[in-house]
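*Asks:* Predicted coordinates and the sequence they were generated for:
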Amino acid sequence: MTFQITVQPSGHQFSCEEDETVLAAAMRAGVGLPYGCKNGACSSCKGKVVAGGVTHKAHQQRALPPEEEAAGLSLFCCATPHSDLVIEAREVAGSSDYPLKKMPSRVATLEKVAPDVVVISLQLPANETLKYRAGQYIEFMLRDGKRRSYSMATAPDGGPITLHIRHMPGGLFTDQVFSTMKERDILRFEGPLGTFFVREDSDKPMVLLASGTGFAPIKAIVEHMAGIKSERKMVLYWGGRRPRDLYMDALCRQWAQDLPNFDYVPVISNALPEDNWTGRDGFVHQAVMADLPDLSGHQVYACGAPIMVESAKRDFVQRCRLPEDEFYADAFTTEADLANP
């Protein structure tokens, strides 16, 4: 059976099959609903069901607590309809501007930049390009039908695509990356995906917030903004447990020297005596709050561990006056996150 979905306040409409998620149907129709992980863990796609009913597939309870579901809120990435729907959602302009492609790629280089982080550069087929927005991601399509998502760490300027991959011991894909993967291996992917990218219709100062390899899409954003010679103010707060987790610290310090509108604040939470760390310590989002207690005139772009993203959104909105619709995020969920409800 096919159902009709109407989006408020835009009035856009699209059809959805009964076994299809609302988000999948919207993407197929080119309707720009916001989303991130697509697996019920990050809450980026959360909206309201105004009329009609849905059934939710497995999802993280923290992304949609029972009381929110009872109040009519929904995670559209895992909601299937059982009637026509009227939904309330903030659409993302430009999210469907570039076509979704499936293509092979060849591993051009593998560089270990930290004990648990590898930078992979991909070579696309001859005469093929991937158009995307800085901050978006691709999904590798593995042989068993599973997928793994990684943000592109380079600006969409036609150069090689690079990815920052952290080793998750026991991980289906990352174990392969850190053990048997070699240059010239073939990987198939689909992209571009995600609605985490710069809203270029604003001139508000940007707070860029990253933990761990959440730096990857932030790096793409900084390079893109520098490439178009944007004059918007940017400040990057990058957090890690130990200094070695900030695996491209030297690059960030170079940006701070070369870009007149860019500042960099590294933050370490668990430095050891042998690290000789003398910089900022504690939780990275709290460093933002200490420096910028009033975020009412800012945009925030946050990427990294779900707990960091969730804490930052809550505290920035409740305590720093950040408008909720000016917080843009991409929470890096893992299979371990999905296994814990």
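*Replies:* Cool, the structure landed.
*Asks:* what number of residues lie near residue 13?
*Replies:* 13 (other CB atoms under 10 Å). No exception for glycine: its C-beta is placed from N, CA and C like everyone else's.
*Asks:* In three-state terms, how would residue 314 be classified?
*Replies:* Residue 314 falls in the helix class when you classify it by DSSP: H, G, I helix; E, B strand; the rest coil.
*Asks:* Check the spacing between it and residue 252 real quick.
*Replies:* Distance, residue 314 to residue 252, using CB to CB, to the nearest Å: 26 Å.
*Asks:* Could you check which of the two has the larger neighbour count?
*Replies:* Higher neighbour count among residue 314 and residue 252: residue 252, with 21 against 12, using other CB under 10 Å.
*Asks:* Identify the single longest strand in the chain, thanks.
*Replies:* strand 101-114 (DSSP state E).
*Asks:* partners of that one, with directions?
*Replies:* Applying DSSP bridges, strand 101-114 is found paired with strand 117-123 (antiparallel), strand 186-193 (antiparallel).
*Asks:* Packed most tightly, which of those would that be?
*Replies:* strand 117-123 (a mean of 20; mean count of other CB atoms under 10 Å).
*Asks:* one step back: closest one to residue 166 among the strands paired with strand 101-114?
*Replies:* Residue 166 sits nearest to strand 117-123 of all the strands paired with strand 101-114, at 5.3 Å, using CB to CB.
*Asks:* so the closest residue to residue 193 other than its chain neighbours bridges to which residues?
*Replies:* What sits nearest to residue 193 in space, not counting adjacent residues and going by CB to CB, 6 or more residues apart in numbering, is residue 137, at 5.4 Å. Beta-bridge partners for residue 137, by DSSP bridges, are residue 151, residue 193.
*Asks:* Just give me the neighbour total for residue 137.
*Replies:* By other CB under 10 Å, neighbour count at residue 137 equals 23.
*Asks:* you'd agree it is up against residue 152?
*Replies:* Yes: with contact defined as CB atoms under 8 Å, residue 137 counts as touching residue 152 (6.5 Å).
*Asks:* Run through the stretch 1-150 of the chain and note the low-pLDDT ranges.
*Replies:* For the stretch 1-150 of the chain, the stretches flagged by pLDDT under 70 are 94-96.
*Asks:* can you pull out the strands in it?
*Replies:* 2-8, 13-17, 46-51, 54-56, 73-75, 79-81, 85-88, 101-114, 117-123, 137-141, 147-151 (DSSP state E, counting those that start in this stretch).
*Asks:* With the stretch 201-341 of the chain instead?
*Replies:* Counting by DSSP E, counting those that start in this stretch, the stretch 201-341 of the chain has strands at residues 206-211, 234-240, 262-268, 280-281, 299-304, 327-331.
*Asks:* so what does the shortest one touch, helix or strand wise?
*Replies:* Think strand 280-281. For strand 280-281, the packing partners by 3 or more CB pairs under 8 Å, 6 or more residues apart in numbering; DSSP states H and E come out as strand 262-268.
*Asks:* buried set for the strand it packs on?
*Replies:* Across strand 262-268, burial judged by 16 or more other CB atoms under 10 Å covers 262, 264, 265, 266, 267, 268.
*Asks:* Looking at those residues, which is nearest residue 115?
*Replies:* Distances from residue 115 to the buried residues of strand 262-268, taken as CB to CB, are shortest for residue 268 (15.9 Å).
*Asks:* does that closest one really touch residue 240, like I thought?
*Replies:* Yes: using CB under 8 Å, residue 268 is in contact with residue 240, at 6.0 Å.
*Asks:* okay, and the common contacts of these two?
*Replies:* Residues within reach of residue 268 and of residue 240 at once, by CB atoms under 8 Å, 6 or more residues apart in numbering, are residue 246.
*Asks:* if we can go back for a sec, most neighbours per residue, which of the strands of the stretch 201-341 of the chain?
*Replies:* Per stretch, and counting mean count of other CB under 10 Å, the top mean among these goes to strand 206-211, which has a mean of 27.
*Asks:* okay, the angle between that strand and strand 327-331?
*Replies:* For strand 206-211 against strand 327-331, the angle by axes from the mean of the first three to the mean of the last three CA atoms, to 10 degrees is 20 degrees.
*Asks:* CA atoms only: put strand 206-211 into CSV for me.
*Replies:* Extracted C-alpha coordinates of strand 206-211, given in CSV (Å, rounded to 0.1, in the frame of the first residue of the first chain):
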residue,chain,number,x,y,z
MET,A,206,30.6,29.9,13.4
VAL,A,207,31.6,27.8,16.4
LEU,A,208,33.1,24.5,15.1
LEU,A,209,33.1,21.8,17.7
ALA,A,210,34.7,18.4,17.2
SER,A,211,35.8,15.4,19.3
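*Asks:* Strand 234-240 and that one, what's the angle between them?
*Replies:* Using the same axes, to 10 degrees: strand 206-211 against strand 234-240 is 10 degrees.
*Asks:* From the contact counts, what lies against strand 206-211?
*Replies:* So strand 206-211, by 3+ CB pairs under 8 Å, 6+ apart, packs with helix 215-227, strand 234-240, helix 284-291, strand 299-304, helix 306-319.
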